[in-house]
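> Below are the sequence and a predicted model; questions follow.
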Amino acid sequence: MTRLTDRELAKRRDGRRVAQAARAASVNYQNALQVMTVHQTATLDNISPVTLLRMIRAGKGPRTIRLSTRRIGIRVCDYQAWQESRMREE
């Protein structure tokens, strides 16, 4: 049995996290106050979590909620309002 390098282990962990976020994002969000993670929100938008975080820091992303000192969340109603504000007016 071969041992995996730290880089290979990190890659597997990231792959699992992305797959888990994709499964969670495929859920139909009925409760407007439900909180999604950055990964779930990014998966819904088909963008990377890093890109979403950059947009949030620049003030161009959805409103966030501080879940802990190192984690933020996005309420479904805030995400939907952000999506509506991004739609082009014709």
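Cool, the structure landed. Residues are numbered from 1 along each chain as shown.
> Backbone dihedrals for Q34, please?
Main-chain torsions, Q34, degrees, to the nearest 10: phi -60, psi 140.
> which residue ranges form the helices in this structure?
Listed in chain order, the helices found in the chain under DSSP state H are 6-25, 38-45, 49-57, 76-86.
> Wait, R66 touches V35, no?
No - between R66 and V35 there is no contact under CB atoms under 8 Å: 10.9 Å. Glycine gets a C-beta too; all of them are placed from N, C-alpha and C.
> what residue ranges in the chain are flagged as low confidence?
Scanning the chain for pLDDT under 70 picks out 1-2, 4, 9, 18-29, 88-90.
> quick revisit: looking at R66 and V35, which has the bigger crowd around it?
Ranked by neighbour count (other CB atoms under 10 Å), R66 and V35 place V35 first, with 17 against 9.
> Chain neighbours aside, what residue packs nearest to the more buried one?
G73 (3.9 Å; CB to CB, 6 or more residues apart in numbering).
> so that neighbour makes contact with T37?
Yes - in this structure, G73 is within contact of T37 by CB under 8 Å, at 6.2 Å.
> tally of neighbours for T5?
Neighbourhood size, T5 [other CB under 10 Å]: 9.
> now the one 5 residues further on
Other residues within reach of A10 by the criterion other CB under 10 Å amount to 11.
> Then V38?
Residues contacting V38 under the criterion other CB under 10 Å number 19.
> you'd agree it is up against I72?
Yes - under the criterion of CB under 8 Å, V38 makes contact with I72 at 6.5 Å.
> Can you name the residues that contact P62?
Going by CB atoms under 8 Å, 6 or more residues apart in numbering, P62 touches T41, I56, I74, D78, Y79, A81, W82.
> Quick check: ChimeraX command selecting the buried ones in these.
Buried members of the contacts of P62, defined by 16 or more other CB atoms under 10 Å, are picked up in ChimeraX with:
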select :41,56,74,78,79,82
